[in-house]
Every structure is written in C-alpha cells, then in structure tokens.
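[1] Sequence first, then the predicted structure, then my questions.
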Amino acid sequence: MVEKNNSDSKKIFPNDFLEIEFTGKTSEDKIFDSNIKEDFEKLFPSSKELPKPFIFSLGHGMFLNGIENFLIDKEIGKRYEIDLSPENAFGIRQQKLVQVMPTNIFSKQKQMPTAGMIFNFDGRLGKILSVSGGRVIVDFNHPLAGKNVKYNINVIRKIEDINEKVKSFIEFLFRKPLKFEVKDKIIIHLEGKEKELKQFIELFSEKFKEVFGMELEIMEVESKESKIK
C-alpha cells in the first residue's frame, strides 16, 4: 500500500474546497474587493455588515482563473501576493461591448439615463457613458477590464467535511442557504416560497455532479405552517 505523504495534506490540488481571506487592488493600490475586516471597512465605510468568509472549489470557475491556477500546488496556511494581467483577471476591454441604444428603451421603463449610471439589461450590467441626440452609449465591459490587478490572499484552511462543502456551494450559487442532506446523492429540500427556485436549481444539476460526483435531487416538502393548517 502506498502511504500518503503528510505534506500532501498541506498542498492545494484541483477540486479542493478552500477558505481564504483576500483583498483585490488595482495597480494604483485602490481596493475594489475584500473580505478582510480592515480593507472591507475602507471599501464600505458606512456598512454595518461584517465581511463573510469566502469558500470556493478550485478549478470550477468560482474565482478568477488566474488565481485558481496560481494556487495549485501551493500550501495551506500561507499568504500570497498575486499579480494578474487583464487576460488572467477581468479581461481585455472590447470595443464591441460598447453599444448604442435608443433612449426610448429607457423611457418605456420610466427611467432617465445619465452618464455614470449602471443598469441591468437582462442580467448584463452596463454603464452609461453618454446620452445625446436620442442615443445612449452603454459600456458592457467589466469595470476592471483592461487593467492589471493584484490580490493579497491568505489561504486559511482546506474544507474536508462534505456537508460544509455542499453548504458553501449552495450559498455560492443561490446566494442563500437551503436545507439539504447528503446520502448517495445530494438532496435539496424546498418548502414554501423556495419551491419557486426548483427549475432554476435544476439548471445546476450537472455542476453538482461535476464538483461532487453525485446526482442532485430536489424535493418539495410541506412547511410546518401548512401541516398545522
């Protein structure tokens, strides 16, 4: 039998679930994202919320590819500073993503576009660059597209418990906790208004299989209130 080297438990491999602290900065040292308390407070000085731990599975597009690739074969419990080019961060600016729209698109929605405003266009965020002559120029590039960025990362721990992995994955995908259990498959229990999410959750069935190697089942259950009635 081949014994596993103890040092392997400290190394990072694809598919590992990691908890990290991080701060992202532009090349001018301007913070744009962080879950480290001191930097989070600089970014959101009036926020009463506390930064949340960030847990992700390596190699599944849950973080920037440049960071995920960098972390492979690195060690748990260490800090790293990572410099990323636009190609490995938020992409190159593309002129084709700067588009012209008629102002009546906004007026139909009773909106008055002005330069600097950000709108959600069917799931795509666009920044208004200018408004003139019945035309609105909208930029759909990521705000950091074309920029070099750097991340300071503290790799806190590797997640081993399957329930903690599934819990963090569900919250990452759906931005809320959902009841679940893990047997020979992953079963998500939906009750009340959560049942409206069923079709949306089903879209991620293959992703659950890819990450965990298990089928996903969604069960609709009666809420306690319904049973009492």
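    Noted; the coordinates are in hand. Residues are numbered from 1 along each chain as shown.
[2] Looking at the residue nearest to Phe180 when sequence neighbours are not counted now. What's its pLDDT?
    Nearest residue to Phe180, sequence neighbours excluded (Cβ to Cβ, 6 or more residues apart in numbering): Ile188, at 4.8 Å. Every residue, glycine included, has its C-beta placed from N, CA and C. pLDDT for Ile188: 97.
[3] what sits against Ile188?
    Listed by Cβ atoms under 8 Å, 6 or more residues apart in numbering, the contact set of Ile188 reads 170, 178-180, 201, 216-219.
[4] Quick one: the strands in the chain, in order.
    17-26, 31-34, 54-57, 79-84, 98-102, 118-121, 124-132, 135-139, 149-159, 179-182, 186-190, 216-220 (DSSP state E).
[5] Now render those strands as a markdown table, adding distance to Ser46.
    Listed next are the strands of the chain as a markdown table, based on distance: least, Cβ to Cβ, whole Å:
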| stretch | distance to Ser46 |
| --- | --- |
| strand 17-26 | 19 |
| strand 31-34 | 15 |
| strand 54-57 | 22 |
| strand 79-84 | 29 |
| strand 98-102 | 32 |
| strand 118-121 | 19 |
| strand 124-132 | 22 |
| strand 135-139 | 27 |
| strand 149-159 | 24 |
| strand 179-182 | 34 |
| strand 186-190 | 35 |
| strand 216-220 | 39 |
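[6] and Gln109, which of the ones you listed is closest to it?
    Gln109 sits nearest to strand 118-121 of all the strands of the chain, at 9.0 Å, using Cβ to Cβ.
[7] and Asn65, which of the strands of the chain is closest to it?
    Of the strands of the chain, nearest to Asn65 by Cβ to Cβ is strand 79-84, at 9.4 Å.
[8] Other residues contacting the closest one?
    64, 66-67, 70-71, 74, 148-155.
[9] again, but for stretch 12-28
    Contacts of stretch 12-28 (Cβ under 8 Å, 6+ apart): 31-36, 39, 53-60, 71-76, 144, 147-159, 164-165, 168, 211.
[10] Show me where the protein dips below the pLDDT cut-off.
    In the predicted model of the chain, residues 1-8, 223-229 satisfy pLDDT under 70.
[11] Try it again at 90.
    The chain contains residues with pLDDT under 90 at 1-10, 48, 104-105, 107-112, 120-124, 133-134, 221-229.
[12] domain ranges for it?
    The chain breaks down into these domains under automatic domain parsing: 1-93+147-160, 95-139, 161-229.
[13] Include neighbour count and distance to Gly123 when you put the contacts of Ile188 into JSON lines, please.
    Formatted as JSON lines, the contacts of Ile188 follow (neighbours: other Cβ atoms under 10 Å; distance: Cβ to Cβ, whole Å):
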{"residue": "Ile170", "neighbour count": "20", "distance to Gly123": "21"}
{"residue": "Leu178", "neighbour count": "18", "distance to Gly123": "22"}
{"residue": "Lys179", "neighbour count": "13", "distance to Gly123": "27"}
{"residue": "Phe180", "neighbour count": "19", "distance to Gly123": "26"}
{"residue": "Ile201", "neighbour count": "18", "distance to Gly123": "17"}
{"residue": "Leu216", "neighbour count": "19", "distance to Gly123": "23"}
{"residue": "Glu217", "neighbour count": "15", "distance to Gly123": "27"}
{"residue": "Ile218", "neighbour count": "18", "distance to Gly123": "23"}
{"residue": "Met219", "neighbour count": "13", "distance to Gly123": "28"}
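[14] In space, not sequence, find me the middle residue of this protein.
    Met62 (5.6 Å; Cα atoms, centre = their mean).
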